[in-house]
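> The amino acid sequence is not available; the structure is as follows:
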């Protein structure tokens, strides 16, 4: 079955299930519910995250006080093509007190489509309950792709406790004197201005490719067409979203050498880093840039938590952990056949 057939069959099935089970079916939503019982919360509790992950093909579903999710035909084949002809449910927000509604929905979707399901980014809070209700883990031979077992859920999310953060002088070598002299600064981009949006896209484009040249030397197998295309599409979509905070790290001459994009996940409490690239590698500047960001966020927004997200690679996970006092949140992929 080709993509067109799969997405139409999915739409027809979901609209039918929606009518029978009082489930809302939408292409676009303006906000997402939070059913998690603990703080901080998992990365990605905002609508465009779902749209980006599914490359715009996801259909939103929600049942009041029970669950919220997005589902789409597989946009990846997976290693050994194990994702072929599966539907993917993305980051389900599940009310643990009404988890039976989610289980019933998944069973109905599987039965009506005759298509196995992958549930991506399942919280630890509901993981064991789902295993007891017919869901299963990946087998040894099943992998999201050639470089990671569970995409960027392979390693836990790292959430920095910004209120307990102690600024460190990470700078080394020749760049240390420049850092101490305050030659680098963070500047917020006003995305309400269309000209700023276009300028920001150009800045990010050059920062990304300068960063890519260094990253490719260390992880040549991680760079492919999908990696580059997905990031460029992300930048384009992000910059038009005025709810985001976009911060540029600039040098004394005003040249952008780093970018951070953040969104407020929990009001006055938690921000998620949507994407970040720092193109200056001299003198340990990658760490310097994060040090500047964390200090800036604590000063300007008094946020308690900064979620850096999960990681595909062990090296990235270790880097995030090394930035300071943190909490780790594990998420999972599950299969329902």
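All right, it came through fine. These numbers were taken from a predicted model, which means no experiment stands behind them.
> switch to C-alpha atoms for all contacts and neighbour counts from now on
Will do.
> Was I right to think residue 32 contacts residue 45?
Yes - counting by CA atoms under 8 Å, residue 32 does reach residue 45; the two are 6.3 Å apart.
> These two: who's more crowded?
residue 45 (21 against 17; other CA atoms under 10 Å).
> list the contacts for residue 285?
Listed by CA atoms under 8 Å, 6 or more residues apart in numbering, the contact set of residue 285 reads 170, 171, 175.
> just the helices in the stretch 101-250 of the chain please.
Ranges of helices in the stretch 101-250 of the chain, per DSSP state H, counting those that start in this stretch, are 124-131, 175-180, 194-218, 225-239.
> tell me which element the residue lying closest to residue 248 once chain neighbours are set aside is part of?
Spatial nearest neighbour of residue 248, chain neighbours left out: residue 259 (4.5 Å); criterion: CA to CA, 6 or more residues apart in numbering. Using DSSP states H and E, the secondary-structure element containing residue 259 is strand 256-266.
> contacts for that strand?
44-46, 203-204, 207, 243-251, 270-280, 289, 293.
> Buried ones among these?
Buried subset of these (neighbour count, 16 or more other CA atoms under 10 Å): 44-46, 203-204, 207, 244-251, 270-280, 289, 293.
> Residue 37 and residue 96: what is the separation?
Computed as CA to CA, to the nearest Å, the residue 37 to residue 96 distance reads 9 Å.
> more crowded one of these two?
Ranked by neighbour count (other CA under 10 Å), residue 37 and residue 96 place residue 96 first, with 18 against 10.
> so who does the more buried one touch?
So residue 96 contacts 35, 66, 125, 126 (CA under 8 Å, 6+ apart).
> try 10 Å
35, 36, 37, 65, 66, 67, 102, 125, 126, 129 (CA atoms under 10 Å, 6 or more residues apart in numbering).
> Residue 59 now?
Going by CA under 10 Å, 6+ apart, residue 59 touches 7, 10-11, 14, 25-29, 50-51, 69-73, 89.
> if you set the cut-off to 8 Å instead, what comes out?
The contact partners of residue 59, by CA under 8 Å, 6+ apart, come to 11, 25, 26, 27, 28, 70, 71, 72.
> quick one: the fourth one and residue 58 touch, right?
Yes - at 7.4 Å, residue 27 counts as touching residue 58 under the criterion of CA under 8 Å.
> out of these two, which sits in the more crowded spot?
Between residue 27 and residue 58, counted using other CA under 10 Å, the more crowded position is residue 58 (25 against 12).
> Might one say that the more buried one is in contact with residue 50?
Yes - using CA under 8 Å, residue 58 is in contact with residue 50, at 7.1 Å.
> got any residues that touch both of those two?
Common neighbours of residue 58 and residue 50 (CA under 8 Å, 6+ apart) are residue 70.
> If you rank every helix and strand of the protein by mean pLDDT, what lands last?
Lowest on mean pLDDT, DSSP states H and E among the helices and strands of the chain sits helix 225-239, with a mean of 81.
> Enumerate the positions of that helix that are buried.
Those would be 232, 234, 235, 236, 238, 239, for helix 225-239 by 16+ other CA under 10 Å.
> From residue 199, how far out is the fourth one?
In this structure, residue 236 and residue 199 are 12 Å apart, going by CA to CA.
> count of residues packed around the residue nearest to residue 248?
25.
> what's the answer for residue 300, then?
Residue 300 has 8 nearby residues by other CA under 10 Å.
> just residue 62 next, same as before
Counted with other CA under 10 Å, residues neighbouring residue 62 total 22.
> residue contacts, the closest residue to it other than its chain neighbours?
Spatial nearest neighbour of residue 62, chain neighbours left out: residue 68 (4.3 Å); criterion: CA to CA, 6+ apart. Counting by CA under 8 Å, 6+ apart, residue 68 touches 32, 33, 60, 61, 62, 92, 93, 94.
> 7 Å instead, please
By CA atoms under 7 Å, 6 or more residues apart in numbering, residue 68 lies in contact with 61, 62, 92, 93, 94.
> Out of those residues, who's the most crowded?
Neighbour max across the contacts of residue 68 (other CA under 10 Å) = residue 94, 27 neighbours.
> was I right about it contacting residue 67?
Yes - contact criterion CA atoms under 7 Å: residue 94 and residue 67 qualify, at 4.5 Å.
> Out of the contacts of residue 68, the closest to residue 163 would be?
Of all the contacts of residue 68, the one with the least separation from residue 163 (CA to CA) is residue 93, at 26.9 Å.
> Confirm that the closest one sits in a helix.
No - residue state for residue 93 (DSSP: H, G, I helix; E, B strand; the rest coil) corresponds to strand; a helix is not indicated.
> measure it to residue 42 for me?
Residue 93 sits 10 Å away from residue 42, going by CA to CA.
> swap in residue 53?
According to CA to CA, residue 53 and residue 42 sit 15 Å apart.
> So which residues make contact with the least confident helix or strand of the chain?
52, 191, 197, 201.
> If we only consider these, which is nearest to residue 2?
The shortest gap between residue 2 and any of these belongs to residue 52, at 21.0 Å (CA to CA).
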